[in-house]
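S.K.: one predicted model, sequence on top.
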Amino acid sequence: MSGERVLPVVVGQIVESEIIGLTHEGEGVGRYEGYTLFVHGALPGERVRAEVVSVGKSFGKARMKEMLQPSPERRAAPCPIYDSCGGCQLQHLDYPAQLHWKRRHVVDNLVRVGRLPVEGEKFEIAGFSGRSSERAPIIVHETIGMADPWRYRNKAQVPIGRGEAGLIGGFFEEGSHDIVDMEACLIQQEENEATVRAVKEAARELGITAYDRVAARGLLRHVVVRHAATTGQRMVVLVTNGRDIPHQDELVGLIRQRVPQVASIVQNVNTFRTPVVFGEHTRTLWGEDVIYDEIGGVRFAISARSFFQVNPEQTERLYQKAVEYAGLTGEETVVDAYCGIGTITLFLARHARRVYGVEIVPEAIDDARRNALINGIGNVEFAVGRAEVVLPRWQREGVSPDVIVVDPPRKGCDSALIATMLELRPARIVYVSCNPSTLARDLRLLEDGGYRTVEVQPVDMFPHTSHVECVGLLERNGTED
């Protein structure tokens, strides 16, 4: 058809390309005759020879065939399964460079998606609000990293399948649902590794069948292990395709024998043909329903399906920054939307007059109330429901928040919650985000509604991956009046 652009590449073509950036998934961004190619494993500043594997109107993908000029920031990935596992994307990038790239990723999203001015950045985007353009630019701080960015994950979630030697468990090979057996992972705490190995060995010895994802047959689907560093307790969750476990007592006995630190052995039943790990029914086979861990002196009860941050060291830094941005003097009323099991809520409660937490998952609110009792924190109130529904109800009951804290999932805040926050008009909003793109989108909406983003602090919760967490501070325009 006349007028259509003729692409300069075809599948199978070998090209040379300069790498000029990284995608949000950690792939190298290259250019060939004006056409964009994403090259897996390539880094900015490198020149590579690559084979084109797919072509689209806007970009294509390529597989690196030869390194012509390596980046000085390239390093040998220490993990022996790095090339096949999709869990880490950046082990081949020097750690300080990872931190720099993550800040850059946040900045690019604020400017490109949010149309927001950032300190030190050129800002020339058509249609940008004249009112906002006169304000001070956003300060984006350097990413807070770890002194030792290895062995940080306190939770292992291992898919189980069948290999040539029988039951195996490890990771999904990148780009597929084929399971590769794994005995070690350099970002997992060693206690998790040892526990997963023990469970796999016990299951093999007792003839427990592995789940076949194609045929939807077999019993054991996932082994999930949680390790509480401050108490030493461990929880084992067996996710099964059905309630009945052959040799259940023997299996529990072997796990207890081989993992003396285990405090809880739980079964979760998931019979659906779905990639989602957990089903709806959970029961404790042995021990306690929960294990206990601490972050920043606050104690938490963690159940099998609780959301609890996997990197406790960085979580404490993240929450401390959220409390700092909240600017609490002890007199404020605070609302914590998407409060989960009350982790941020309880941090805030130690510095505020009263904190209200809301979460749509009933089990999470049960855990939050229990955690408040465990810590003797009485100036909190929790409710089950959608934040955009519960907050107006609280307002009708006389609750007027000085600060609202949000920590939404990757999709960001519900638009109705954004509208509700703008109606409530707190002096400050603290936005905790695991997705710079939706963070930037929501900051733009809040700015258009009368707020100014003051600063954003990236935190490296997941070293060697492409993920980055952020805390942002917004102040209501005219608050100083």
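M.R.: The structure has been received and is ready for your questions. Numbering: from 1, shown residues only.

S.K.: what segments of the stretch 201-350 of the chain are helices?
M.R.: Per DSSP state H, counting those that start in this stretch, the stretch 201-350 of the chain carries helices over the ranges 248-258, 312-326, 343-349.

S.K.: quickly compare those and say which is most buried.
M.R.: helix 343-349 (a mean of 26; mean count of other CB atoms under 10 Å). The C-beta positions use only the backbone N, C-alpha and C, and glycine is treated the same way.

S.K.: check which element follows that helix along the chain.
M.R.: Where DSSP states H and E defines the elements, the next helix or strand beyond helix 343-349 is strand 354-359.

S.K.: okay, buried residues for the helix or strand where Leu439 lies please.
M.R.: In this assignment (DSSP H and E), Leu439 forms part of helix 436-448. For helix 436-448, a neighbour-count test (16 or more other CB atoms under 10 Å) marks Pro436, Ser437, Thr438, Leu439, Ala440, Arg441, Asp442, Leu443, Arg444, Leu445, Leu446, Glu447 as buried.

S.K.: can you list the weak-confidence ranges in the stretch 51-200 of the chain?
M.R.: For the stretch 51-200 of the chain, applying pLDDT under 70 flags the ranges 123-134, 175-176.

S.K.: ok, now with 50
M.R.: Applying pLDDT under 50 to the stretch 51-200 of the chain picks out residues 126-127, 129-132.

S.K.: which residues in it form strands?
M.R.: Along the stretch 51-200 of the chain, counting by DSSP state E, counting those that start in this stretch, strands occupy 59-69, 139-140, 155-163, 166-172, 179-181.

S.K.: contact partners of the last one?
M.R.: The reference is to strand 179-181. With contact meaning CB atoms under 8 Å, 6 or more residues apart in numbering, strand 179-181 is reached by 81, 84-85, 159-161, 163, 168-173.

S.K.: could you do the third one as well?
M.R.: Contacts with strand 155-163, where a contact means CB under 8 Å, 6+ apart, come from 167-172, 178-179, 181-182, 185, 188, 192-193, 195-196, 200, 203, 209-213, 218, 220-227, 277, 308, 310.

S.K.: about what we covered before: for the strands of the stretch 51-200 of the chain, which one sits closest to Ala147?
M.R.: Closest approach to Ala147 among the strands of the stretch 51-200 of the chain (CB to CB): strand 155-163, 21.3 Å.

S.K.: and the closest one, C-alpha only, in PDB?
M.R.: What follows is strand 155-163 as a C-alpha-only set of coordinates in PDB (Å, rounded to 0.1, in the frame of the first residue of the first chain):
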ATOM      1  CA  LYS A 155      10.200 -15.200  50.400                       C
ATOM      2  CA  ALA A 156      10.700 -17.900  47.800                       C
ATOM      3  CA  GLN A 157       7.800 -18.800  45.500                       C
ATOM      4  CA  VAL A 158       8.900 -21.900  43.500                       C
ATOM      5  CA  PRO A 159       6.800 -23.500  40.700                       C
ATOM      6  CA  ILE A 160       6.900 -27.300  40.700                       C
ATOM      7  CA  GLY A 161       6.900 -29.500  37.600                       C
ATOM      8  CA  ARG A 162       8.000 -32.800  36.300                       C
ATOM      9  CA  GLY A 163      11.400 -33.400  34.700                       C
END
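
S.K.: hmm, Glu331 is touching His351, no?
M.R.: No - taking CB atoms under 8 Å as the definition, Glu331 is not a contact partner of His351, at 10.1 Å.

S.K.: leaving out the residues flanking it, which one is nearest to Glu174?
M.R.: Among residues not flanking Glu174 along the chain, Gly86 sits closest, at 3.5 Å (CB to CB, 6 or more residues apart in numbering).

S.K.: just Cys339 next, same as before
M.R.: Per CB to CB, 6+ apart, closest to Cys339 is Gly357, 3.3 Å.

S.K.: what's the answer for Gln13, then?
M.R.: Using CB to CB, 6+ apart, the closest residue to Gln13 is Val52 (4.8 Å).

S.K.: thinking again about what came up before, export the strands of the stretch 51-200 of the chain as a markdown table, with columns for mean neighbour count and distance to Ile245.
M.R.: Compiled in a markdown table, those are given as follows (neighbours: other CB atoms under 10 Å; distance: least, CB to CB, whole Å):
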| stretch | mean neighbour count | distance to Ile245 |
| --- | --- | --- |
| strand 59-69 | 16 | 43 |
| strand 139-140 | 19 | 50 |
| strand 155-163 | 20 | 13 |
| strand 166-172 | 19 | 14 |
| strand 179-181 | 18 | 20 |
